[in-house]
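In: Next one to model:
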Amino acid sequence: MAFVLLVVATLCLTASPGYSGETKAPTFSKAQVYEALNMVEASGKKRSVPTGDNGRAIGPLQIHKSYWTDAIEFNKRVNNRFGLAGSEYKQCERWEYSKRIVNVYMTRYAADAWSGNMQLRHVRTVARIHNGGPRGNGKETTKKYADKVIRILMADWK
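Out: Okay, the predicted model is just below:
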């Protein structure tokens, strides 16, 4: 009798509208990914962030000059949006500007992963490229960094 009740209950549950039998996989926006990168890079600090990586990275997203140069070469209009003339790497110390640089960089090197609705595998790709450069997704040394970013995102996911 207990078996029959279990079968009936299961049939009723699976026949309910909206029941898919699986939980929804987490997805994340660019804004959420920027925040998670910032937590790993600068403990959430947005202003007056000390230089990192032995003085080679600046700002809330710890951008290296080569990363910035790469983004600027790919999309020269980035500086125009901020009313900047010429080379202004120092602007990467500003939160809004640094996000723009990451956006351009990811558009160039992680176009398939970088979207407004990223699954965990996409976030992993983005984090590894942010940390290790254009080929960062294939570097063993970027895995722990990506794990940190994902842990931060999952802690806030509901």
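In: To what extent is Tyr34 buried, counted in neighbours?
Out: If you count neighbours by other CB atoms under 10 Å, Tyr34 ends up with 17. Yep, even glycine has a C-beta here, placed from its N, CA and C like the rest.
In: OK, contacts around the most centrally placed residue in the chain?
Out: Centroid-nearest residue in the chain, with CA atoms, centre = their mean: Val33, separated by 3.3 Å. When contacts are counted by CB atoms under 8 Å, 6 or more residues apart in numbering, Val33 touches 118, 123, 126-127, 149, 153.
In: repeat for Pro60
Out: 38, 41-42, 45-47, 49, 93, 95, 98.
In: Mind doing that once more with 7 Å?
Out: By CB atoms under 7 Å, 6 or more residues apart in numbering, the contact set of Pro60 is 38, 41-42, 45-46, 49, 95, 98.
In: Could you say which of those residues is surrounded by the most neighbours?
Out: When neighbours are taken as other CB under 10 Å, the top entry among these is Ser98 (26 neighbours).
In: And the average pLDDT for the one helix or strand that residue maps to is what?
Out: Using DSSP states H and E, Ser98 maps to helix 95-109. Regarding helix 95-109, the rounded mean pLDDT is 96.
In: how about the helices in this structure?
Out: Remark: helices assigned in the chain by DSSP state H are 2-15, 30-42, 65-74, 78-81, 95-109, 120-132, 143-156.
In: ok, and which of these has the densest surroundings?
Out: helix 120-132 (a mean of 22; mean count of other CB atoms under 10 Å).
In: And the contacts of that one?
Out: Identification of contacts with helix 120-132 by CB under 7 Å, 6+ apart yields 26, 28, 33, 37, 102, 106, 109-110, 113-115, 118, 136-137, 139, 141-142, 145-146, 149-150, 153.
In: cool, and stretch 35-42?
Out: 44, 46, 49, 52, 60-62, 127, 130, 145, 148-149, 152-153.
In: please redo it, this time with the cut-off set to 8 Å
Out: In this structure, residues lying in contact with stretch 35-42 by CB under 8 Å, 6+ apart are 28, 44-46, 49, 52, 57, 59-62, 95, 102, 123, 127, 130, 145, 148-150, 152-153.
In: swap in stretch 148-157?
Out: With CB under 8 Å, 6+ apart as the test, stretch 148-157 has contacts from 26, 28, 32-33, 35-37, 39-40, 120, 123-124, 127.
In: mind running it again at 10 Å?
Out: With CB atoms under 10 Å, 6 or more residues apart in numbering as the test, stretch 148-157 has contacts from 26-28, 32-33, 35-41, 44, 118, 120-121, 123-124, 126-128, 130-131.
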